[in-house]
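Visitor: no sequence on this one, just coordinates:
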């Protein structure tokens, strides 16, 4: 389980903060809330491998490359201890299999409440 700080911007984009999960070289996403139904799409780009050599090396044929991980999030708005929260399923779409639930998520509002 990874924890990532997300800020939901008014233009329905997402700003990514600190994470204790794998560090992407790029992350982008969008969100929307219709009544109590929440939807979010996040795409993270990761890089792996090592630079290839000019020689034929059986241990290093692939070299360095980047790949995208696209995940959808579908959930419902709820209240937890007087704060807003969203809980739901993580979904990956596969052309030949359709939408597959691959996990679950919880979003908690950690915005400080002004006491007046």
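Guide: Sure, I can see it. Computed from a prediction, not measured in an experiment: that's the story for all the values here.

Visitor: list the beta-bridge partners for residue 104.
Guide: residue 89 (DSSP bridges).

Visitor: correction: the previous question concerned residue 47.
Guide: residue 66.

Visitor: in contact with it, which residues?
Guide: By Cβ atoms under 8 Å, 6 or more residues apart in numbering, residue 47 lies in contact with 25, 64-66. To be clear about C-beta, it is placed using only N, CA and C from the backbone, and glycine gets the same treatment.

Visitor: what's the closest of those to residue 105?
Guide: Comparing those against residue 105 with Cβ to Cβ places residue 25 closest, at 22.4 Å.

Visitor: distance between the helix or strand that contains residue 86 and the chain's centre?
Guide: Using DSSP states H and E, residue 86 falls within strand 83-94. Between the centre of strand 83-94 and the centre of its chain there are 10 Å (Cα atoms, centre = their mean, to the nearest Å).
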